[in-house]
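Trainee: All I have is the shape, not the residue letters:
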């Protein structure tokens, strides 16, 4: 621990911030890759499909394709292909919007809702397992720091 502190003292604050950012990226990517692999192995589902199901689960009334793309922060084209496959597999359905012949709302089917709930439970247990070394106080502290970073980064030009 003293070696790391001494090492950090030799780095400029901007270099330490860069190092922190790289560590956060690496940690996030490592966890994401593990979740991606487990979803594929356990449920034969990709992470983007899981993300679409999760977004629709949070919005039982359904979402337009544009709202779904915005929620997931991806392009309409990416979402369209995923929704097409989920529709074919019976996980979601497209419901026409009454006053707009071109637009539809995407909703989970009962099958999609049930399957997602099983996946979400497994997902939560995987994350819990990967972060089991963090106690509640540490988690609260990290959430506060990450929230602060997000808010501050949003104002940087």
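Mentor: Ah, there it is. Since the model is a prediction, treat every value here as computed from it, not as a measurement. Numbering: from 1, shown residues only.

Trainee: rest of the way, CA atoms for contacts and neighbours
Mentor: Noted.

Trainee: Longest helix in the protein, please.
Mentor: Looking across the chain with DSSP state H, the single longest helix is helix 13-43.

Trainee: Using the three-state scheme, assign residue 93.
Mentor: Following DSSP: H, G, I helix; E, B strand; the rest coil, residue 93 is assigned to strand.

Trainee: what do you get for residue 137?
Mentor: Local secondary structure at residue 137 is given as helix here, using three-state DSSP.

Trainee: Report how many residues lie close to it.
Mentor: Residue 137 is flanked by 9 other residues according to other CA atoms under 10 Å.

Trainee: For the remainder of this discussion, apply numbering that starts at 29.
Mentor: OK, 29 is where the count begins now, so the last one is residue 165.

Trainee: Give me the residues contacting the helix or strand hosting residue 146.
Mentor: Residue 146 belongs to helix 138-158 when elements are defined using DSSP states H and E. Outside helix 138-158, the residues that touch it by CA atoms under 8 Å, 6 or more residues apart in numbering are 59, 63, 67, 71, 78, 81, 82, 85, 118, 119, 120.

Trainee: and the second one, how many residues sit next to it?
Mentor: This means residue 63. Other residues close to residue 63 by other CA under 10 Å number 19.

Trainee: Residues contacting the helix or strand that the longest helix of the chain is followed by, please?
Mentor: Toward the C-terminal end, the helix or strand that comes next after helix 41-71 (DSSP H and E) is helix 75-86. Contact with helix 75-86 is made by 63-64, 67-68, 90-91, 96, 99-100, 107, 110-111, 114, 134-136, 140-141, 144, as judged by CA under 8 Å, 6+ apart.

Trainee: Buried ones only from the residues you listed, please, as a PyMOL command.
Mentor: Selection command for PyMOL covering only the buried members of the contacts of helix 75-86, criterion 16 or more other CA atoms under 10 Å:
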select buried, resi 63+64+67+90+91+96+100+107+110+111+114+134+135+136+140+141+144
